[in-house]
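Undergrad: have a look at this fold, sequence not included:
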């Protein structure tokens, strides 16, 4: 944006000069890691520019002063990507990568080796930047690949992102640049050090912290984090001549002042790519950013266009996923947690260790058999493994402690002192039910969860206070809470209390599947609840159904039927249902009919990958309610495959069998029409 004509000429020249100096030093510091002046000198330049802009009304969106953040926005605006931001096919072994190259050579009709551009797969958040005439116009999240959210106010605060591209005249151009926003290891450590001192808390995961930061309505919060960005491709490119290869595109991005990953490399053929991946894996601990693999793309852009894409991913690229990361840690103690159904689970307390992108200080040991298999005692040093979003696990004991403490299942429940009993072959349980405060807390938390009654604002700490104080003895008591009563609890001001009461009031009007989930019947999750509601239509027919009638429902076998029957045969559970109904909890009756009359009757669906808008169980529940069968594997009898993020071999097999494939957006549209 140009400076107003009515500003004095000397001021215009000084503002121009200051902006150029600041952007030069900003690039030297953040992009090239070669600072030319001290922080104090840089701050002085910025303060002078801000003072002149404010005095003469010269603020503009491409000014360095815009990086400090601005007033909060009321909400996010949806952005539709002109070219979808697709996810990548995954390879977890050398064999899978060789298969990818074999398919690629065959599709392209090429004999011999293909040239690839290889780069680290940064564990961050995909972002799209649009520049018009060389000036940053818009930033957006990837979202579901088709639609994202406008985060322009936040990306302006990231120093790696130039507000104006450098180099040749870009007048008349519109360029979309894609890349990964992330928190480096040093930046994350510094952030946690500050958080410990100022807030008495720490952030657990660099990726999730970065994702949360770029989705702040108040960009001043984003500006406080040392976010970085590596750019890796162009999307829309209007008004300029593009290079012929991806590697040359990286050079162009560098010329524009955008930060790219210096660890990229050109490799010809599968063997060279695999060797690159092996070297990168060895280098992984020394990198200042988290990676979970390597991205391998065909270098020739014309060949990329020729090969095209599937519904979910391009045919010219693949992500080689690295194996799980492992670190050693000492076991400080083993505690026992009581679950919602009374299941007692041993949990190892560890010396904090950073592994697989998160700081791990505790992990489940599942059951006593697992402890025996590991031969684990308190004081031992163990190997902790974690990959991606997988829950960390102890895989082996590598050193026995000098003073080893044997782990024994307590004879009394650690929460209520009731007897602990063996339920089956390996699982121990406290059968005290809601008398047990731990089970009561878990029960209330489950009842309020998003897939159940969806009571926003009822968090774990507040539930603990409500239960331990005796204010909430069962979930029906939630509907008797007042704002005045809630405001008296720790960290609950009048406004928060009013919001929670409103959320509780809203939850009175629910659906039968949600209510069934909220009741917490053993092994009745989203899909089973939807199937029960579709079959029986209302609660009374379900409550009166015998085990044989229950087993007529899809996904309900002998064991689940027994759990349902035991739940409704319990007088305390019936009293709770009555109390909830008297509190105003209600739902409309579901339409019933034979499954043959349902829209998806006779069709088999397979879900693969991660969906962003629905959990796997929610998606399954919706399909089952429409009459579909949801299978775990792809075959010639599969009607449709729903492919989410990180879809793997099931998607590949569906493509080979030419089975219909829906990405997440297409699946959501499909459900809306069905």
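TA: Ah, there it is. Being a predicted model, the structure only gives us computed values, none of them experimental.
Undergrad: measure stretch 382-399 end to end?
TA: End-to-end span of stretch 382-399 (Cα to Cα, to the nearest Å): 7 Å.
Undergrad: neighbouring contacts of that stretch?
TA: 292, 321-331, 348, 350, 353, 355-358, 360, 363-365, 374-376, 380-381 (Cβ atoms under 8 Å, 6 or more residues apart in numbering). C-beta: built from backbone N, CA, C; applies to glycine.
Undergrad: chain center to that stretch, what's the gap?
TA: When distances are taken as Cα atoms, centre = their mean, to the nearest Å, stretch 382-399 is centred 21 Å away from the chain's centroid.
Undergrad: for the stretch 501-650 of the chain, give me the ranges with low pLDDT.
TA: Where the stretch 501-650 of the chain drops to pLDDT under 70, the residues are 593-596, 646.
Undergrad: quick one: the helices in it?
TA: 512-519, 526-536, 539-544, 547-550, 558-568, 571-582, 616-625, 649-656 (DSSP state H, counting those that start in this stretch).
Undergrad: tell me which of the ones you listed sits nearest to residue 87.
TA: Shortest distance between residue 87 and the helices of the stretch 501-650 of the chain, using Cβ to Cβ, is found for helix 649-656: 10.1 Å.
Undergrad: what helices or strands is that closest one leaning on?
TA: Packing partners of helix 649-656 (3 or more Cβ pairs under 8 Å, 6 or more residues apart in numbering; DSSP states H and E): strand 604-608, strand 640-643, strand 660-662.
Undergrad: tabulate those (TSV), appending distance to residue 559.
TA: Shown next, in TSV, are the helices and strands packed on helix 649-656 (distance: least, Cβ to Cβ, whole Å):
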stretch	distance to residue 559
strand 604-608	23
strand 640-643	27
strand 660-662	32
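Undergrad: residue 231: which element?
TA: strand 227-238 (DSSP states H and E).
Undergrad: what do you get for residue 360?
TA: Here residue 360 sits within strand 358-364, counting by DSSP H and E.
Undergrad: mind listing what that strand pairs with, with the direction of each?
TA: Applying DSSP bridges to the sheet, strand 358-364 is found paired with strand 343-355 (antiparallel).
Undergrad: looking at the strand it pairs with now, give me its mean pLDDT.
TA: The pLDDT scores in strand 343-355 average 90.
Undergrad: give me the distance from it to the chain's centre.
TA: For strand 343-355, the distance to the chain centre is 22 Å (Cα atoms, centre = their mean).
Undergrad: try stretch 108-119
TA: The chain centre lies 33 Å from the centre of stretch 108-119; the measure is Cα atoms, centre = their mean.
Undergrad: quick one: end-to-end length of it, please.
TA: Using Cα to Cα, the span of stretch 108-119 from its first residue to its last is 23 Å.
Undergrad: buried stuff in it?
TA: Within stretch 108-119, the residues scored as buried using 16 or more other Cβ atoms under 10 Å are 108, 114, 115, 116, 117, 118, 119.
Undergrad: repeat for stretch 236-249
TA: 237, 245, 246, 247, 249.
Undergrad: all the helices of the stretch 301-450 of the chain, in order from the start?
TA: Using DSSP H, counting those that start in this stretch, the helices of the stretch 301-450 of the chain run over 301-307, 368-374, 437-448.
Undergrad: out of those, which is closest to residue 429?
TA: Among the helices of the stretch 301-450 of the chain, the nearest to residue 429 by Cβ to Cβ is helix 437-448 (10.1 Å).
Undergrad: so what does the following helix or strand past that closest one touch, helix or strand wise?
TA: Going down the chain from helix 437-448, the next helix or strand is helix 460-468, by DSSP H and E. Counting contacts by 3+ Cβ pairs under 8 Å, 6+ apart, helix 460-468 packs against helix 437-448.
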